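K.L.:
Dropping a prediction and its sequence here:
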Amino acid sequence: MAPPRQTGHRDHAAPATRPPPSAADPPDQFDRWAATYDTSLLQCLLYQPVHQAVLRHAHRHACDPARILDIGCGTGRLLHAAAQTYSHAAMIGTDPSPSMIRNAAAGPTGDTTARIRFVRARAEALPFRDATFDLVLSTLSLRHWHDRWRGLAEIGRVTAGTGVVILADVLQPRRRSDPRRWLPWASSLPAGVHRAITTAGLSPDHVETIPLTLPMTTTTLIVARPAPSTPPHS
């Protein structure tokens, strides 16, 4: 049985017991891509419209979060954009790529970006305490995780009881033959992803596709919240 969800805030800088990725981990495609990541054509064709859609829903569903986490943050572009609106929120970006984290930390400076911190970590082992963040974001990252189930479980663990989770990624839609396709939140949400989200203690309450100019598999945006705890039977 999962431990009860903590709804209060704790010091988000205090690490959990999970170790960070080893410094001996071999460089991956994102380490090699980090130097040209911000000038890639994919920024305007893919990442920027996805970021805009995610921030639009963040403003709608999370009006005044105190702590924001971006998982798979790359060079921190999404958090720098979010900082323009969330003027008082403390923000943390995580990414397993040391090169991406170095570039993110060396990015723009100023009063706004002083509230952003970058930490090397995998989605499957987030070094934060339970119920830390009011808003958790992840864009075009989930499909690169080694273990989606564990990564989503970690998101459920670090999200505060009244928090909001917004994910966006290239996902395979449900088949038309799936009998659950009629559900409003399930029309474009793959069954395996839905099971992983709900198993993580989250409840999806909005799903939509993001229109892109780049011809590719549909990008799906998911808004989820911590599922209400079920009281024990007397």
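P.N.:
Yep, that arrived. Numbers count the residues shown, from 1 in each chain.
K.L.:
could you measure Ser141 against Gly74, distance?
P.N.:
When C-beta to C-beta, to the nearest Å is the yardstick, Ser141 and Gly74 sit 8 Å from each other. (Glycine included, C-beta is placed from N, CA and C.)
K.L.:
Looking at those two, which one has more neighbours?
P.N.:
Gly74 (26 against 21; other C-beta atoms under 10 Å).
K.L.:
dump the residue contacts of the more buried one.
P.N.:
30, 37, 95, 97, 100, 104 (C-beta atoms under 8 Å, 6 or more residues apart in numbering).
K.L.:
so it, which of the three states?
P.N.:
Put simply, Gly74 is coil when judged by DSSP: H, G, I helix; E, B strand; the rest coil.
K.L.:
do you know how far it is from Ala104?
P.N.:
Separation of Gly74 from Ala104 (C-beta to C-beta) stands at 7 Å.
K.L.:
just checking, next helix/strand downstream of the lengthiest helix in the chain?
P.N.:
Counting by DSSP state H, the longest helix found in the chain is helix 48-61. Next in sequence after helix 48-61, counting helices and strands by DSSP states H and E, comes strand 67-71.
K.L.:
How far off centre is that next one?
P.N.:
Mean C-alpha position of strand 67-71 versus that of the full chain (C-alpha atoms, centre = their mean, to the nearest Å) differs by 7 Å.
K.L.:
Centre of the chain to the next helix or strand after that strand, how far?
P.N.:
Following strand 67-71 in sequence order, the next helix or strand is helix 77-83 (DSSP H and E). Helix 77-83 has its C-alpha centroid displaced from the chain centroid by 13 Å (C-alpha atoms, centre = their mean).
K.L.:
Show residues contacting helix 77-83.
P.N.:
Applying C-beta under 8 Å, 6+ apart, the set of residues contacting helix 77-83 is 38, 43, 47, 51, 54-55, 58, 68, 70, 73, 89, 91, 93, 107-108, 112-113, 115-116, 137, 139.
K.L.:
ok, 6 Å please
P.N.:
51, 70, 91, 93, 112, 116 (C-beta atoms under 6 Å, 6 or more residues apart in numbering).
K.L.:
helix/strand/coil for the most centrally placed residue in the chain?
P.N.:
With distances taken as C-alpha atoms, centre = their mean, the residue of the chain nearest its centroid is Ser138 (2.3 Å). Following three-state DSSP, Ser138 is assigned to strand.
K.L.:
residues near the residue lying closest to it once chain neighbours are set aside, how many?
P.N.:
Leaving out its chain neighbours, the residue that sits closest to Ser138 by C-beta to C-beta, 6 or more residues apart in numbering is Ile71, at 4.2 Å. Neighbour count for Ile71, taken as other C-beta under 10 Å: 27.
K.L.:
Which strand residues bridge Ile71?
P.N.:
Beta bridges link Ile71 to Thr94 when assigned by DSSP bridges.
K.L.:
now it: how far from Pro211?
P.N.:
Applying C-beta to C-beta to Ile71 and Pro211 gives a distance of 24 Å.
K.L.:
swap in Val170?
P.N.:
Where Pro211 is concerned, Val170 sits at a distance of 14 Å (C-beta to C-beta).
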